[in-house]
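S.K.: need a 3D model of the sequence below.
(one chain, ligands or ions: 1)
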Amino acid sequence: MWKNLLNKVKWKITELKQKREFKRKIKTEKIIQKNEEKEKKIEEKSKAVVVESKKITESGAVNQSINTRYSNRFLNKERRKSYSYRKGKGICVRCKQKSLPGIIFCEFHQQKQQTYNYRSRHKSV
Ligand SMILES: [Zn+2]
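M.R.: The predicted model follows:
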């Protein structure tokens, strides 16, 4: 009798252990599956991010070139504007001092320009 009972209990215990192990296995498998799914999702997301960043850099590069072109044009316009403005106002085009009468430079820049002209002329000859 007692032996039988003991055997029954043992058997139950082993059964319970097996069930627990089985549950654990299922749990771990589920966790692994979840992790794999997460990794897949992360990979997909990172791929999407890479694609988006590529798009951004492409559009950004295009925008930059447009911007630089535009800003250069703008600067040239501004320079021309200020050049003629200073010429009309009698201000040196290289600095903010008053220019000499009939010349677009101040005394200092007139001299600089003259030396520059002298050098360039004597170089070419
Ligand atoms: Zn000047």
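
S.K.: drop to CA atoms for contacts and neighbour counts, all remaining ones
M.R.: Fine.

S.K.: so which bits of this protein are right by the ion?
M.R.: 92, 94, 95, 106, 109 (CA under 5 Å from the ion).

S.K.: mind checking which of those are buried?
M.R.: 92, 106, 109 (16 or more other CA atoms under 10 Å).

S.K.: would you turn those into TSV with distance to residue 34 and pLDDT?
M.R.: Converted to TSV, those look like this (distance: CA to CA, whole Å; pLDDT from 0 to 100):
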residue	distance to residue 34	pLDDT
92	75	91
106	78	93
109	76	93
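
S.K.: which of those residues fall in helices?
M.R.: residue 109 (DSSP state H).

S.K.: between the buried ones among the residues of the chain next to the ion, which sits nearest residue 77?
M.R.: residue 92 (18.1 Å; CA to CA).

S.K.: would TSV of the buried ones among the residues of the chain next to the ion with distance to residue 39 be doable?
M.R.: As requested, these are exported to TSV (distance: CA to CA, whole Å):
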residue	distance to residue 39
92	68
106	71
109	69
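
S.K.: ok, back up a step: now tabulate the residues of the chain next to the ion in CSV and tack on distance to residue 116.
M.R.: Shown next, in CSV, are the residues of the chain next to the ion (distance: CA to CA, whole Å):
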residue, distance to residue 116
92, 17
94, 14
95, 17
106, 15
109, 10
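
S.K.: residues contacting the residue in the chain sticking out farthest from the centre?
M.R.: Largest separation from the mean C-alpha position in the chain: residue 1, at 81.1 Å (CA atoms, centre = their mean). Listed by CA atoms under 8 Å, 6 or more residues apart in numbering, the contact set of residue 1 is empty.
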